[in-house]
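any chance you could fold what I've pasted below:
(5 chains, ligands or ions: 4)
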Amino acid sequence: MPKLVAMRAVSKVFADGTLALDQMSLEVETGEFLSLLGPSGCGKSTALRLMAGLAEPSSGVVERPSGGGIGFVFQEPTLMPWQTVFGNVFLPLKLRGFSKAEVRERVMDGLQSVGLADFAHSYPRQLSGGMKMRVSIARALVTRPSLLLMDEPFAALDEITRHKLNDDLLALWRRSGLTIVFVTHSVFESAFLSSRIVVMRPRPGRVFRELAISQPAQRGADYRVSESYRADCQLVSEALQGAISAAGN
Amino acid sequence: MPKLVAMRAVSKVFADGTLALDQMSLEVETGEFLSLLGPSGCGKSTALRLMAGLAEPSSGVVERPSGGGIGFVFQEPTLMPWQTVFGNVFLPLKLRGFSKAEVRERVMDGLQSVGLADFAHSYPRQLSGGMKMRVSIARALVTRPSLLLMDEPFAALDEITRHKLNDDLLALWRRSGLTIVFVTHSVFESAFLSSRIVVMRPRPGRVFRELAISQPAQRGADYRVSESYRADCQLVSEALQGAISAAGN
Amino acid sequence: GQDKVVFGTNWLAQAEHGGFYQALADGTYEQYGLDVTIRQGGPQAPNRQLLVAGQIDFYIGGMTTIDAAAEGVPIVAVAAIFQKDPQVLLAHPEAPFGDVASLRGASKIIMGKDTFFSGYWPWIKSTFEGFSDELYEPYTFNPAPFLADPMAVQQGYVTSEPFEIERQAGWAPKMFLLADYGYQPYSTTIQTGQSLVEENPDLVQRFVDASAIGWYNYLYGDNSEANALILRDNPDMSEGQIAFGIEKLKQYGIVVSGDAETGGIGCMSDARWSEFYRQMTEAGVYKAGIDLSRAYTTAFTCKGVGVELMAQ
Amino acid sequence: MPPAPRPAGISARQRMLQIFVPLLALGFGLVVWQWIVWAYEIPRYILPGPADTAIALLTDSATLWPALLVTLRITFMALAMAMVGGVFLAVIIVQSRWLELALSPYTVILQVTPIIAIAPLILIYAPDTQTALMICAFLVAFFPILSNMIQGLKSVDHHLIDLFELYGASRWQSLVYLRLPASLPFLMVGLRIAGGLSLIAAVVAEFAAGSAGQGSGLAFRLIEAQYRLNLPRMFAALVLLCGAGIAIYGLTSFVAWLALRRWHESAVRREG
Amino acid sequence: MPPAPRPAGISARQRMLQIFVPLLALGFGLVVWQWIVWAYEIPRYILPGPADTAIALLTDSATLWPALLVTLRITFMALAMAMVGGVFLAVIIVQSRWLELALSPYTVILQVTPIIAIAPLILIYAPDTQTALMICAFLVAFFPILSNMIQGLKSVDHHLIDLFELYGASRWQSLVYLRLPASLPFLMVGLRIAGGLSLIAAVVAEFAAGSAGQGSGLAFRLIEAQYRLNLPRMFAALVLLCGAGIAIYGLTSFVAWLALRRWHESAVRREG
Ligand SMILES: Nc1ncnc2c1ncn2[C@@H]1O[C@H](COP(=O)(O)OP(=O)(O)OP(=O)(O)O)[C@@H](O)[C@H]1O
Ligand SMILES: Nc1ncnc2c1ncn2[C@@H]1O[C@H](COP(=O)(O)OP(=O)(O)OP(=O)(O)O)[C@@H](O)[C@H]1O
Ligand SMILES: [Mg+2]
Ligand SMILES: [Mg+2]
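Ligands and ions are numbered 1, 2, ... in the order given. This is a model prediction of the structure:
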């Protein structure tokens, strides 16, 4: 499969001298659902930002598709406080020149899919933590991007909502051939969603292990209780454990 | 057991007219580990704020211990950006009149326990999302409170760190007879940690079901794979499902 | 002992204040039992308000005590050092103006606010045809706007602006001395509080007399010490400017002319006060019916004090 | 600024308070003023009491009110120019650190040069006095707006900048949809300062470069009254000036409230 | 303000730029100025060129520099008073909405009353001229600090206020550990505006209070030179004034940088 994004021996040193990524190499193939897993502070968000072109590597090369079509769910909701929920989700479309009238339906559909249609006219400060994250998710999806970068999008959501959104995301991915890079802390979530899982070692971050997940198709509610799912979870969990203890952190 | 906090028929209407809690009643007994579970936006954070005295009920009564001794982990890290990590954790002690020299050890121990001793001199903007949350956790624990209110403290943490902090928290709770009210989205976490689980129904929030968890003592790593744990999880999961569908949301 | 007296001037130390500095420098005030402090004025110095507030005992003013009388402010003029108002209107030498009346053709007339309110401006407007407020532009004590516009007209003192303009621009401006055209106020009057006049007329008399003597000595005697004082108070003053000022004071009879020739420096007459009041009332500056006796008193002047010094 | 997040949240009582408390405070001030004048027997020509001033305000209303209008016209034009100019320059300046370094000395020079000193130059080169007045007043009012706006533009949340960059926002879009709204809390302080400042600047400009006679503003009336020792009239002019200042303050506060009430901490009541 | 988050992050090159870019820009301005004077043959008594001005600066240095010192002393005392007064009043005002409503008309009155109009009153009741000057300059400088500080104090993150309330912080502790540091981004703009403003206020105050002669400041030299048509000297005085303004601006910017560099968006370089 063609590579969509490639990080080659990328290091990232912050201005204060923190070495966040150390010679990290990773390729993202078109159409895959890649999960990034790793201990807190290992550089997952940093890696996503590099892939999105929001940060420059200190050394190494990041190859990325030129031009738009990226959706990004930041780890924090990152909403404009002066805009309503509708306005926030409308933003990416507004920036592409759409008028409100043209895309009202589309925005409202997006809000509907995260269960916030009733809150279209609320301001971010009137929302709960999970609701803010859901606005952010709706915003990332509303442009129908070809590359979707998601930084722990569902962490603030209850299990039921999370499962629903997991299913929705999976369905969207299947339907549209979209490429997803997904940061999560949930072993279960990563095993459920991904076609490939990359486990990172603790800071300075780099790839510790890659795991291909066997059955990408046909994952419904009953898959969650299947044996192969449990085995995958077990594998991922061990890889994560290994990454952390390997670093002697 | 004596009640430490009691909410009696508490409603909360926000200035914009949103009814967040509707006649919610709940008693927290001294020494218990109570988990609050419920769909996103159901009023868990609002309930915690009422218990802490940070908000006034619109109707009903909240009885709470007068005087300090409360620790609170907010859903967002809520760090002072102009203070270092050390300064942020030191804050509650500073407000009680301790000097830096007196409590340096104590603060550093707190940071150590969340794995951030090396970052004592960093500023919040230099931390990853999970690291910020860990600072906030350290801050809530550093005063050794008798009532600890935690709003999804571990949501931004990887599974390994989360398990470790789960174990630490449980050990602390056992050791000190502290009362904990714990908001989480993880059914597993709530079943692992709590002595009682309260499931809330969707907005307007109120108690949907209470579940006592059978074996509060002796929960180690092997408890996570025990059959009784799995049964508890199953029960909680169903209760949550029930809460959401009952509301016809 | 000596009576402490604070004397406020209306501008930075200059030849136009020479007599007062002279009396201070050569000990005349001291002889008259006065311990005088001169507090110089400036562009926006509130010396007049300080006189009103009683923080200054004597102040150099014009005919403004008429306003004071109208408003019930208890200050009076007790002497008039300048018989003629040294105010001139200046024009570029090549400008086609022959007299004050023809200045209506100017592009603008730059003058101070005081002039505009109650000086010669209302008088010009009522005396000559064709002047209107459109011509007015405020004087910010910077002659550049005048110099930049050949058709501009600017106010000045015959004793000072022409000198600077000639020195800087290299040409001597045309001058129209308003006193020559019938504008007849007293100038550099000595104003003081009504209460001082009533309670301590002797002190007032001594100050007026000593000042008059100072002025004789300044104009006709050795004025080097006074000039040194002026230069100390106002380091930017130049010897040349002072000399020019003294020369003009003499040349135009600013200080010694009319009643002063016999009555002595400072002499004021009821006739001139009434005539000026009539003129300016006509011009719309003052309302009718002001009790002029509260604006000035001639009780301290025209006694010939110091006239003999002119012979030096 | 009403603290409630939605207009519906302001009770009638609160709305009354917003009018009456300042009026009461001012009334109290008047009483103190009158009392001082009485108690210390301060003559009218040094400090007229409120009664004298009120009488002057009535008797001289024919000249004072038109003068106030003239001053207000200059004020508002200067304020509008300062808003546009300050915001525009701030936007340019934050484009690059180089530009900021190069331009900031000039903005400072404009701020610290006394109007009185450069008024003659302005008078020489401005097409007419009104324009000169406007320029003077503008020079005074624009620095606070510029400074606040620069700080506002620089204080934009970096995460939101990332977001806009990610979605390929043009510079113009970033400006209009992100930087300007995010700067509003700062801009509104700048506006509030500049409101009063452009009023006083209009007065100072009139002192320095003023028109006179029929079409003249309050400054002229003020100076005239001072010169004519008519202190009650001068205080009447001052009272008008202060009244206008308070009205402008109320107006700018209202604008700030409109801009911020729905979202910014400073205008939103803390929920509790 | 150096953009890097840590002093170590500023390269020598950047540090040079911070000095040289403004100097270069100023130099360019000088060239333009000289060119205008030449090209339009503007006489020295209307607009002297930089060369004339430089000569005047040298020859008159004996009077100009002491005058600058006098003005600077008033400036800094007024600025210090405005800082203390503005911050103090802002802290009091944000305690209660009532207080704010009651006091704000008075702060506006102080802002919009022309110094020239009330200088005589101040002179009458102040113990000495220096004090009067200080009061005048203070009145001009304090409003921007007050306004910015009020906005800063009101803009404190509500979550942090909750945190402090929760931990039982006293009013004083909330003020010192939360409200003041959180207000710094606003206060620093206020300081920057007030820096230039108190310089110009010192000048205006000197005009208004009319101190003259030996111990007088730059304002006096300026007016005097203008009156004498010694425009080169006037411009020399203006140059000193502007230089002082730029230096104060640099100083306030430096203070702002010190206060904000480690944490605030406006002073921290966006990581990328
Ligand atoms: N702006 C910054 N300046 C300095 N150091 C930074 C900055 N941002 C991140 N870091 C450091 O880089 C490392 C990686 O951060 P990153 O946010 O990528 O972690 P993460 O894997 O996303 O962690 P988490 O799961 O907790 O979100 C951390 O150690 C952090 O301290
Ligand atoms: N300041 C506010 N103004 C108006 N409505 C609010 C405000 N804060 C919260 N709400 C509303 O109250 C309801 C409950 O919010 P709360 O934050 O308690 O939810 P939660 O259970 O903590 O949700 P989450 O799990 O997503 O954090 C939500 O519907 C939210 O929209
Ligand atoms: Mg992260
Ligand atoms: Mg919540």
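
quick one: the helices in the chain?
Picking chain A for this. Per DSSP state H, chain A carries helices over the ranges A:44-52, A:85-95, A:100-113, A:129-142, A:159-176, A:187-193, A:227-246.

could you do chain C instead?
Going by DSSP H, chain C shows helices at C:18-25, C:28-31, C:47-52, C:65-71, C:113-118, C:120-127, C:144-148, C:161-169, C:194-199, C:201-220, C:224-233, C:239-251, C:259-263, C:270-282.

list the contacts of the shortest one.
Contact partners of helix C:28-31, identified using C-beta atoms under 8 Å, 6 or more residues apart in numbering or on different chains, comprise C:2, C:5, C:22, C:23, C:35, C:36, C:207, C:210, C:213, C:214, C:217. The way it works is simple: take the backbone N, C-alpha and C, and place the C-beta from them, glycine included.

residue contacts, the nearest residue to residue A:204 once chain neighbours are set aside?
In space, and not counting its chain neighbours, residue A:204 is closest to residue A:22: 3.6 Å by C-beta to C-beta, 6 or more residues apart in numbering or on different chains. Taking C-beta under 8 Å, 6+ apart, we find residue A:22 in contact with A:11, A:204, A:205, A:206.

of those, closest to residue E:96?
residue A:205 (50.7 Å; C-beta to C-beta).

just give the number of residues close to the closest one.
Applying other C-beta atoms under 10 Å in any protein chain shown, we find 29 residues neighbouring residue A:205.

who are the contact partners of it?
Contacts of residue A:205 (C-beta under 8 Å, 6+ apart): A:20, A:21, A:22, A:24, A:38, A:42, A:43, A:44, A:46, A:47.

residues contacting the second one?
It refers to residue A:21. Counted by C-beta under 8 Å, 6+ apart, residue A:21 has contacts A:10, A:11, A:12, A:43, A:46, A:47, A:50, A:57, A:204, A:205, A:206.

out of those, which are close to ligand 1?
A:43, A:46 (C-beta under 6 Å from any ligand atom).

I'd like the contacts of residue A:21 laid out as CSV, including distance to residue A:219 and pLDDT.
Conversion of the contacts of residue A:21 to CSV gives the following (distance: C-beta to C-beta, whole Å; pLDDT from 0 to 100):
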residue, distance to residue A:219, pLDDT
A:10, 31, 94
A:11, 36, 94
A:12, 34, 94
A:43, 28, 92
A:46, 29, 94
A:47, 25, 94
A:50, 29, 94
A:57, 34, 94
A:204, 34, 87
A:205, 28, 87
A:206, 29, 88
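
rewinding a little: compare the helices of chain A and report which one is nearest to residue E:17.
That would be helix A:44-52 among the helices of chain A, by C-beta to C-beta, at 27.7 Å.

residue nearest the centroid of the chain?
Looking at chain A here, since you left the chain open. In chain A, the C-alpha nearest the mean C-alpha coordinate belongs to residue A:150, at 1.7 Å (C-alpha atoms, centre = their mean).

the intended chain is chain D.
Nearest to the centroid of the C-alpha atoms of chain D, with distances taken as C-alpha atoms, centre = their mean, sits residue D:195, at 1.1 Å.

neighbours of whichever residue of the stretch 51-200 of chain C sits closest to ligand 4, how many?
In the stretch 51-200 of chain C, no residue comes nearer to ligand 4 than residue C:140, which is 65.2 Å away by C-beta to the ion. The number of residues packed near residue C:140 is 25, by other C-beta under 10 Å.

what does residue A:105 give?
10.

distance of it relative to residue B:113?
Per C-beta to C-beta, to the nearest Å, residue A:105 is found 51 Å from residue B:113.

do the same with residue D:145
With C-beta to C-beta as the criterion, residue D:145 and residue B:113 are 50 Å apart.

got it, and residue A:221?
From residue A:221 to residue B:113 the distance is 38 Å (C-beta to C-beta).

looking at the two, which is more packed in?
Counted by other C-beta under 10 Å, residue A:221 and residue B:113 do not tie: residue B:113 has more neighbours, with 18 against 8.

so how many other residues sit close to the nearest residue to the more buried one once chain neighbours are set aside?
Distance criterion C-beta to C-beta, 6+ apart; nearest residue to residue B:113, sequence neighbours excluded, is residue B:168 at 6.3 Å. Neighbour count for residue B:168, taken as other C-beta under 10 Å: 14.

need the pLDDT of residue B:168.
Looking at residue B:168, its pLDDT is 90.

for residue B:109, see how far away it is.
Separation of residue B:168 from residue B:109 (C-beta to C-beta): 12 Å.

and the residue of chain A most remote from its centre, what does it touch?
Ranking residues of chain A by C-alpha distance from their mean position (C-alpha atoms, centre = their mean) puts residue A:101 at the top, at 29.5 Å. Residue A:101 makes contact with no residue under the criterion C-beta under 8 Å, 6+ apart.

show the pLDDT at it.
93.

what's the answer for residue C:43, then?
Taking residue C:43 on its own, its pLDDT is 66.

can you tell me which helix or strand of chain C has the lowest average pLDDT?
helix C:113-118 (a mean of 75; mean pLDDT, DSSP states H and E).

so what does that one touch, helix or strand wise?
The helices and strands touching helix C:113-118, judged by 3 or more C-beta pairs under 8 Å, 6 or more residues apart in numbering or on different chains; DSSP states H and E, are strand C:136-138, helix D:218-227.

ok, now how distant is the residue of the stretch 151-300 of chain C found nearest ligand 1 from residue C:155?
Of all residues in the stretch 151-300 of chain C, residue C:236 sits closest to ligand 1, at 58.8 Å by C-beta to the nearest ligand atom. According to C-beta to C-beta, residue C:236 stands 20 Å off from residue C:155.

between those two, who's got more neighbours?
Regarding residue C:236 and residue C:155, a neighbour count based on other C-beta under 10 Å identifies residue C:155 as having more, with 22 against 19.

okay, the nearest residue to residue D:49 once chain neighbours are set aside and chain A: tell me how far apart.
Nearest non-adjacent residue to residue D:49, counting by C-beta to C-beta, 6+ apart: residue D:37, 3.9 Å away. Counting by C-beta to the nearest C-beta, to the nearest Å, the gap between residue D:37 and chain A amounts to 49 Å.

who's in contact with residue D:37?
Per C-beta under 8 Å, 6+ apart, neighbours of residue D:37: D:47, D:48, D:49.

let me see the contact set for the closest residue to residue A:30 other than its chain neighbours.
Once flanking residues are discounted, residue A:30 sits nearest to residue A:4: 4.6 Å by C-beta to C-beta, 6+ apart. If you count contacts by C-beta under 8 Å, 6+ apart, residue A:4 has them with A:28, A:29, A:30, A:64, A:65, A:147, A:179.

below-threshold pLDDT in the stretch 1-150 of chain C: ranges please.
C:43-44 (pLDDT under 70).

so which residue of it comes closest to chain D?
Among the residues of the stretch 1-150 of chain C, residue C:133 lies nearest to chain D; the distance is 2.9 Å by C-beta to the nearest C-beta.

in contact with the closest residue to residue C:113 other than its chain neighbours, which residues?
The shortest distance from residue C:113 to any non-neighbouring residue, by C-beta to C-beta, 6+ apart, is to residue D:223 (5.4 Å). Contact analysis of residue D:223 by C-beta under 8 Å, 6+ apart lists C:113, D:207, E:116.
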